[in-house]
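*Asks:* Below: sequence and its predicted model.
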Amino acid sequence: MYVKKSPLIGRGFILFLAFICVALPIMGIVLNFMDGNAFHFGFIIGLGLFSLVGFYFIRLFLWNTYGKEVIEIGESSVSYYVDYHYFKGNQKQMKYEELTYEFTSIGFEEEQKGNLIIVANVKEFIHSAVNMPNAELIELIGVLEKR
């Protein structure tokens, strides 16, 4: 299931934020050295924290540009992972005897959108993050139940 691309200006802003999160601490370190100050451990901590925030923005950019969820249904197991194009999220695997397919409505009622839920048992389920129109979800559930 693919994510609908967000507008170019929004993705550009997210990419700009990621660049700023990495560039600002580096510029701060360079300017600090140019003023003749000595190196201290706080530089590494600041760069590390800003880099983590920058990585989050890069991941958000990739999700909004190339994101997709991959669900592979086998004879007795289901595997699920999120694909960001350049790297993948954690893979989740579930064993099942019988799968149940459902969907939850999200957003405003007039939008008629929802998320797919694949239930293996009471404790294990996969809740999709891709928003789809309810009509497409009902059609997809019908196809999945026939297999």
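*Replies:* Cool, got the structure.

*Asks:* And the chain, split by domain according to the record?
*Replies:* Annotated domains of the chain cover 8-66, 69-146 [automatic domain parsing].

*Asks:* helices or strands up against the helix or strand harbouring L137?
*Replies:* Here L137 sits within helix 134-146, counting by DSSP states H and E. Helix 134-146 sits against strand 100-106, strand 113-119, with contacts defined as 3 or more CB pairs under 8 Å, 6 or more residues apart in numbering; DSSP states H and E. The C-beta positions use only the backbone N, C-alpha and C, and glycine is treated the same way.

*Asks:* which of these sits most buried?
*Replies:* The highest mean neighbour count among these, using mean count of other CB atoms under 10 Å, belongs to strand 113-119: a mean of 19.

*Asks:* Given the next helix-or-strand element following that one, what are its sheet partners and their directions?
*Replies:* Next in sequence after strand 113-119, counting helices and strands by DSSP H and E, comes strand 125-127. Using DSSP bridges, the strands paired with strand 125-127 are strand 113-119 (antiparallel).

*Asks:* neighbouring contacts of the partner strand?
*Replies:* By CB atoms under 8 Å, 6 or more residues apart in numbering, the residues outside strand 113-119 that reach it are 1, 71, 78, 80, 99-107, 125-134, 137, 140-141.

*Asks:* Now do the SS call for the residue nearest to the spatial centre of the chain.
*Replies:* Among the residues of the chain, the one closest to the centroid is W63, at 5.4 Å (CA atoms, centre = their mean). Look at W63: counting by DSSP: H, G, I helix; E, B strand; the rest coil, its state is helix.

*Asks:* just checking, it touches D83?
*Replies:* No - with contact defined as CB atoms under 8 Å, W63 does not reach D83; the gap is 9.4 Å.

*Asks:* Look up which residues are beta-bridged to Q93.
*Replies:* When bridges are called by DSSP bridges, Q93 pairs up with S79.

*Asks:* can you tell me which residues contact it?
*Replies:* Contacts of Q93 by CB under 8 Å, 6+ apart are S77, V78, S79, Y80.

*Asks:* G74 versus that one, what's the distance?
*Replies:* Distance, Q93 to G74, using CB to CB, to the nearest Å: 9 Å.

*Asks:* give the contact list for the closest residue to A120 other than its chain neighbours.
*Replies:* Of all residues not flanking A120 in the chain, Y96 sits nearest, at 3.8 Å (CB to CB, 6 or more residues apart in numbering). If you count contacts by CB under 8 Å, 6+ apart, Y96 has them with S76, S77, V78, A120, N121, E124.
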